[in-house]
Structures are given as structure tokens and as C-alpha cells.
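Visitor: Fold the stuff below for me.
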Amino acid sequence: MKKSLIALAVLAASGAAMAQSSVTLFGIVDAGVGRVSAGGTSVTGVTNSGLASSRLGFRGEEDLGGGLKAGFWLEGGISNDEGTGKGGGAAGPGFEFKRRSTISLMGGFGEVRLGRELTVGYVNSIAADVFGDVGVGASIGKNHFAGVIETRKGNGISYILPSNLGGFYGQVQYVFGEQLSSAAYDKAGDYLGARLGYRNGPLDTAIGFAKGRGASAAQDADQFNIFASYDLGVVKPFIGFNQEKNKAAVEVKYQSYLLGLTAPVGPGTVRVSYNDVDLKNSGNDAQKFAIGYVYDLSKRTAIYGTYAHVKNKGAAAFGAAPGGLTFTTPAGQNVNGYEFGVRHSF
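Guide: Below is the predicted model of the structure:
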């Protein structure tokens, strides 16, 4: 009888421990048909990630007691139009967890997170993008210094503020370039970014900055951005500003202004944006206009359509190509792109 009671106690304890842990499989599959054209050249085909980036991931948490939790997040991009693992920084064809691969400790103090994730400078640069930086309508006003100011970085550590600060939120992030101390430039690959915001009722606003290190001091770049949105019910306007500049002998500076709005119409949402990118003292500037509609079939499934037009000046070559289509914009040529698709999340 005593052995039976002990066995039941062990099973009960085991069940309680298991109940404190959770693992979730999640993802998005998004595909459509689209076209992009410029300079008398065009391409049409099946697209992916027009409304949301296609992905597959696993995330989980364990309650450690005393208000402390451990969590992990492994997420990779997929190009479902071809069935490869390309996306989120992965070149494919194999699947990689390059969208996010982090482990965290969370509690009343906030969250400490290690691994690969979105950079805070990027997050704030697209906060006013009503198209979420995907599809033909995505913002063209960010990530102008490849390898320095980027969408995601690995080898990072972040601290995220707790959610009980009266509407304030924020994150500080440091990425290690992991260079030898004897290297000619041992700061190469380092990245420091921070973001502080305030969200209360219909208002949401945040300011951010970042400093990325290149292969030499001349390739280092700074980023500064600010955004705000206000939900009026019938319409939600967005405004954003993003600046990126490097430290070369002759400074290269990009300034981008982003205006957007969303409005509920029927069971769906209208999205409109205008993006102006100015490469200072060059004449290589661009403006982008995009409009689209998302029709919700259910909480998980939606169909959508988007059209975008880019006006390039000088040697500017910003594009509006749907995901999954390969197209190089000729310098100084105007671009038109559109796509119609369906997105399902699980």
C-alpha cells in the first residue's frame, strides 16, 4: 500500500511539472500570384509572403516558480512557392532557424534573451509600415548599409523591459562581432541598439537608435528613428522617420519618411502608405506609394491584394517585387508591382 501511495505521489508530481511546461508548433503559409515591371522588363509568377512572412517555428516556456520562467523560440523562414527553407536570412534550400533562435529568462524584472533575433533598430524603422515590411508594399527606407544595419543579427544579448511600467516598453540589445583582440579592427560585427516606447489606449510611439560596426571604422554606421500611431477607430494613421549614416571620409546619409494608414472596411482592412527616401547630396532619391486590402475569411485565414508604384530618381534602384520573384530594378526607372494571395496561420 505504501509503495502504491509513493508511486501515485511521484506520478502526481511528474504531472504537475509537465503542466508547468508548454511547447507550441506554429507557422504561416502565404502564397499568391504577382507581377513586377520596370524599364520595359517584367516577370510574373507565384509569390510568397505577400501579407506575412511564411515560417515554421517552435516556442515554449517552463514555469520555474517564484515568478521566474525559462523560454525558447526557434523559427525559420520558408519559401512555400518552391518548398525550400529560404527566408528570414536563410539562403536555402535547407531549413534553418534564422528568423529567430533564442533562449530567455523572464520574470518581474523583464526578460533577458540570448541568440539571433530582429535588431531593435530595424523593429523601430518599420513600426510605421502598415505592410509589415513584406510584399510589394514594403518600406524602402531602411537597411541601407548591408552587413552593418540589418534586419536580424546573431550572437546577441537583449534586455526587454517588463510589461507593468504604465505603458512604457523598451529593449536594449548588444551583438558580439566575436573578433580576435589582435584583429586589425576588433569591433567588426559589433552592434548596439536601444528602443524606448509608450503605449496607452489609441496612442503608440517609440524612439530608437543603433550603432553597427563594419569591416573597418570607415564602414561603421549609425541609425536613428522615431514613429507614432493613433487609432481613431474609423482610421489609424502612422508616421515614421528613419535616418542611417556611415562614418566614411565623405558621409553617406539616408533619410526616410513614412506615412501610412489603416481603416476597417467591411470584414477587412484597407492599407495605404507613402514612403520618401532621400540620399543626401546625391539626387538618388525615391518615393513609393502602396495600397492594398486584406479580407478576413476567419481568424486564421485571409485573402489580400496589393499594388505599389516606385518613382526612382538619379541612380536610385528601389523596387516593388513580390516575394519569390527575382527582379533587378534598372537604375532610375519607375517600378510597378502587384500581388493577390491567401495567408493561413496555425
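Visitor: Quick one: list the elements packing against the strand of greatest length in the chain.
Guide: When every strand of the chain is counted residue by residue (DSSP state E), the longest turns out to be strand 21-38. With contacts taken as 3 or more C-beta pairs under 8 Å, 6 or more residues apart in numbering; DSSP states H and E, strand 21-38 sits against strand 41-48, strand 55-65, strand 335-345. In short, each C-beta sits where N, CA and C put it, glycine included.
Visitor: okay, these, which one's buried deepest?
Guide: strand 335-345 (a mean of 21; mean count of other C-beta atoms under 10 Å).
Visitor: helix/strand/coil for F318?
Guide: coil (DSSP: H, G, I helix; E, B strand; the rest coil).
Visitor: picking up where we left off before, the longest strand of the chain: how far from the chain's middle?
Guide: Put simply, strand 21-38 sits 13 Å off its chain's centre (C-alpha atoms, centre = their mean, to the nearest Å).
Visitor: ditto for stretch 93-107
Guide: For stretch 93-107 - counting by C-alpha atoms, centre = their mean - the centre lies 14 Å from the chain centre.
Visitor: Would you mark the buried spots in that stretch?
Guide: By neighbour count with 16 or more other C-beta atoms under 10 Å, stretch 93-107 contains the buried residues E96, F97, K98, R99, R100, S101, T102, S104, M106.
Visitor: With stretch 258-278 instead?
Guide: 258, 260-262, 268-273, 275-278.
Visitor: Equivalent analysis for stretch 76-91, please.
Guide: Buried-residue list, stretch 76-91, by 16+ other C-beta under 10 Å: 76-81, 84-90.
Visitor: what distance separates stretch 115-127 from the centre of its chain?
Guide: 6 Å.
Visitor: Quick check: end-to-end length of that stretch?
Guide: End-to-end distance of stretch 115-127: 22 Å, with C-alpha to C-alpha, to the nearest Å as the criterion.
Visitor: Same list, the helices and strands packed on strand 21-38, but as a markdown table with mean pLDDT and distance to G135 please.
Guide: Output for the helices and strands packed on strand 21-38, formatted as a markdown table (pLDDT from 0 to 100; distance: least, C-beta to C-beta, whole Å):
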| stretch | mean pLDDT | distance to G135 |
| --- | --- | --- |
| strand 41-48 | 98 | 8 |
| strand 55-65 | 98 | 15 |
| strand 335-345 | 98 | 6 |
